[in-house]
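Participant: Quick one, what's the 3D model for this:
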Amino acid sequence: MLDIKFVRENPETVKENIKKKFQDEKLPLVDEVIALDGEKRETQKRADELRSNRNRLSKEIGNLMAQGKKDEGMALRQKVKEQADELEELSKRESELTEKITKIMMTIPNIIDASVPIGRDDSENVEVQRFGEPKVPDYEIPYHTEIMESFGGIDLDSAGRVAGNGFYYFMGDIARLHSAVLAYARDFMIDRGFTYCIPPFMIRSAVVNGVMSFSEMDAMMYKIEGEDLYLIGTSEHSMIGKFIDTIIPESELPKTLTSYSPCFRKEKGAHGIEERGIYRIHQFEKQEMIVVCKPEDSKMWFDRLWQNTVDLFRSMDIPVRTLECCSGDLADLKVKSVDVEAWSPRQKKYFEVGSCSNLSDAQARRLRIRVKGENGNYLAHTLNNTVVAPPRMLIAFLENHLREDGSVTIPEVLRPYMGGKEKLVPKK
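Facilitator: Next up, the predicted model:
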């Protein structure tokens, strides 16, 4: 969320940014919120005058009563009452204006970084760099669920009967591989200096409104009926929410945390939930990383965060590339984002396995996350990135390590988490 003062002083910059994000329907909101802000400031000014008058008149009434001038004192009391009624109306109007302004400000997108490529949607994202050599073997790579079924490792039919499409049962070596990847990712991030955390898997609406846009919330979040609680779509939500209404001493920054959680997503408006596959599902598990830092450090941390994901995948011999997200593909709170995509030998293309985002002070402004500096308090910057998110990541893992005999090679870094196994051997 932008600072209303910035919008008031830079309306054309805000409008140009809206155009770059191809959200022209939001252009009238800029003038509307500036007008509402002007009315609110006039309302506050008049209310302050009345409060000042009330204090002055109260003293005069006391003096008049002490001098026996009761009639004059009573007349002033009536004036105080009339002004009190006006003040009550002004306070009510101020609350209404504040609510309207906040609602609009939460829909006006954050100012994107100057380096972000301009484009309408993810089809116009720009490849930045490739890491590792993508290969296509001279033998057929089956669909990922077929590979899992060869190990007796997945049951979608039972999951469908129990919960519907978009859910799964993992079993045996595939379930163990899923857990091994998460455990390895946890230790990988701990070795890079991040503090491990297991957060709440539900958050209140105040945190939801602070960490994401209304459109994201509607498309993603599951609401707990009868409770002010939502199931998290990613642990970034509760991890950033951890700092709501806090003032962090500058000396304690940066806050670097890595967290495990299940994730729950409606996937409303997505391309559909596959009946056979586990690429887009309602429930999955993920290792995440977040940073809360000083504004001048956020660019450096952004580059370090996505590099962590690249290094993790390369340590497991999975080719990846990075994509710069274009303006139209950025969620409203983000100023810059890079997707990490893994190579799929079966599809002969890359697909998304993680996303790194810099939100500058947008989340901090909504959640009131401040830093105590030498010259006063200021808003922190927040960043987040996927470390690894199986089961989607398992698709890339199985395809890239599948051998012609149907076995799957276990990279050396994962073997301690798989009981020393060097490969998985199919049951059928």
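Participant: Where does the prediction get shaky in the stretch 251-400 of the chain?
Facilitator: Along the stretch 251-400 of the chain, segments meeting pLDDT under 70 span 268-276.
Participant: What are the boundaries of the strands in it?
Facilitator: For the stretch 251-400 of the chain, the strands defined by DSSP state E, counting those that start in this stretch occupy 255-264, 283-293, 320-324, 336-344, 349-358, 370-373, 376-379, 381-388.
Participant: Same list (those) but as TSV, adding mean neighbour count and distance to residue 204.
Facilitator: Glycine gets a C-beta too; all of them are placed from N, C-alpha and C. Formatted as TSV, the strands of the stretch 251-400 of the chain follow (neighbours: other Cβ atoms under 10 Å; distance: least, Cβ to Cβ, whole Å):
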stretch	mean neighbour count	distance to residue 204
strand 255-264	20	16
strand 283-293	24	18
strand 320-324	20	34
strand 336-344	23	26
strand 349-358	21	22
strand 370-373	17	20
strand 376-379	13	21
strand 381-388	27	18
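Participant: Serialize these to a markdown table and add fields for distance to residue 3.
Facilitator: Below are those laid out as a markdown table (distance: least, Cβ to Cβ, whole Å):
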| stretch | distance to residue 3 |
| --- | --- |
| strand 255-264 | 23 |
| strand 283-293 | 19 |
| strand 320-324 | 26 |
| strand 336-344 | 19 |
| strand 349-358 | 17 |
| strand 370-373 | 13 |
| strand 376-379 | 9 |
| strand 381-388 | 14 |
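Participant: for the stretch 101-250 of the chain, what spans make up the strands?
Facilitator: Secondary structure of the stretch 101-250 of the chain (DSSP E, counting those that start in this stretch): strands at 126-131, 154-155, 169-170, 195-197, 202-203, 222-223, 230-231, 247-249.
Participant: rewinding a little: nearest to residue 37, of the strands of the stretch 251-400 of the chain?
Facilitator: Set against residue 37 and scored by Cβ to Cβ, the strands of the stretch 251-400 of the chain come closest in strand 376-379, at 19.1 Å.
Participant: Give me the residues contacting that closest one.
Facilitator: Applying Cβ atoms under 8 Å, 6 or more residues apart in numbering, the contact partners of strand 376-379 are 247, 295, 361, 364, 365, 369, 370, 371.
Participant: at 6 Å what do you get?
Facilitator: The contact list for strand 376-379 (Cβ atoms under 6 Å, 6 or more residues apart in numbering) reads 361, 364, 365, 370, 371.
Participant: picking up where we left off before, nearest to residue 346 among the strands of the stretch 101-250 of the chain would be which one?
Facilitator: Smallest distance to residue 346 across the strands of the stretch 101-250 of the chain (Cβ to Cβ): 16.3 Å, for strand 154-155.
Participant: related to what we said a few turns ago, looking at the contacts of strand 376-379, which two lie furthest apart in space?
Facilitator: Pairwise distances across the contacts of strand 376-379 peak at 12.6 Å for 365 and 371 (criterion: Cβ to Cβ).
Participant: Pull up the distance across stretch 379-393, start to finish.
Facilitator: Distance across stretch 379-393, first residue to last, is 35 Å (Cα to Cα, to the nearest Å).
Participant: can you give me how far it is from the chain middle?
Facilitator: How far stretch 379-393 lies from its chain's middle: 8 Å, per Cα atoms, centre = their mean, to the nearest Å.
Participant: Quick one: the strands of the stretch 101-250 of the chain as CSV, columns for mean pLDDT too.
Facilitator: Below are the strands of the stretch 101-250 of the chain laid out as CSV (pLDDT from 0 to 100):
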stretch, mean pLDDT
strand 126-131, 98
strand 154-155, 96
strand 169-170, 96
strand 195-197, 98
strand 202-203, 96
strand 222-223, 93
strand 230-231, 96
strand 247-249, 98
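Participant: Nice, that's everything, thank you.
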